[in-house]
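# any chance you could fold what I've pasted below:
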Amino acid sequence: MMRTTSLGIVSVSLFSLLIVSCSGGPDDKVSDDVFLQALRDSYVDRKACSQIGTRPRDGVIAQAPSIRPNPQLDALVEQGLLTRRQDGIGLNYSLTDAIRPYLKNGQSSEGAPNLCFADIEVTGIIGFTEPTETFGSTVSNVRFITALTDIEPWAADVFAGTDYLPWIQGEPREVATDMVLTSGGWIPQSELQQ
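Numbering: from 1, shown residues only. Below you'll find the predicted structure:
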């Protein structure tokens, strides 16, 4: 028969308490799954957008210095999203009301309009750095894969010959971002700066 002493029970209890108190909570753990879920939560409403033209001046977002058309802007003209008119020896491209739903925030910003053409989905994690303390925050750099969904039917025509075309055609895109540990879990550093 084995006898236990109070001292033995206290020692085991203190050792167990020490192990529990030194292990981090669930948010301290990092894994592909933790970062994948955090990025998917962050990207739930994220759109793929590209600047078109310049800051609108009298409704005109682009002026071609000759009568030679701009293929990217002309693809938007064909879709009814822009208008094109000749002005002297140049061409003026202007926004139409039909383009408004595709502009970031539903309208052009104070700068050039940002045309949104798809939703962005995070599909996988490539890797991440060991989380480290930086300026009082726990940070990890995460590399991940994105794909486009709900792509506008005109996107391939508008972005033909650009870096966006392979992404539009289904090629995944690698992205990297710093993730910061907050009381609510891991979030992209860019969200802290908004």
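# so where's this protein shaky on pLDDT?
1-28, 66-67, 105-110, 194 (pLDDT under 70).
# distance check, P188 against C116.
Distance of P188 to C116, computed by CB to CB, to the nearest Å: 19 Å. (Each C-beta comes from the backbone N, C-alpha and C, glycine too.)
# and the helices in the chain?
Along the chain, the stretches classed as helices by DSSP state H are 6-22, 32-42, 71-78, 155-158, 164-168, 189-192.
# for the lengthiest strand in the chain, C-alpha coordinates in PDB please.
Secondary structure of the chain per DSSP state E: the longest strand is strand 114-128. Taking Å, rounded to 0.1, in the frame of the first residue of the first chain, the C-alpha atoms of strand 114-128 are listed here in PDB:
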ATOM      1  CA  ASN A 114     -10.500  52.500 -57.600                       C
ATOM      2  CA  LEU A 115     -12.300  50.100 -59.700                       C
ATOM      3  CA  CYS A 116     -13.200  46.800 -57.900                       C
ATOM      4  CA  PHE A 117     -13.600  43.700 -60.000                       C
ATOM      5  CA  ALA A 118     -13.600  40.700 -57.700                       C
ATOM      6  CA  ASP A 119     -13.700  39.400 -54.100                       C
ATOM      7  CA  ILE A 120     -10.400  38.100 -52.600                       C
ATOM      8  CA  GLU A 121     -10.400  34.800 -50.800                       C
ATOM      9  CA  VAL A 122      -7.500  33.500 -48.700                       C
ATOM     10  CA  THR A 123      -7.000  29.900 -49.700                       C
ATOM     11  CA  GLY A 124      -3.900  28.800 -47.800                       C
ATOM     12  CA  ILE A 125      -0.800  29.500 -45.700                       C
ATOM     13  CA  ILE A 126       2.700  29.200 -47.100                       C
ATOM     14  CA  GLY A 127       4.500  29.900 -43.900                       C
ATOM     15  CA  PHE A 128       5.100  32.300 -41.100                       C
END
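# pull out the buried positions in that strand.
Residues 114-122, 125, 128 are the ones in strand 114-128 that count as buried (16 or more other CB atoms under 10 Å).
# what's the closest of the residues you listed to A156?
Within the buried residues of strand 114-128, the smallest distance to A156 is 9.4 Å, found for F117 (CB to CB).
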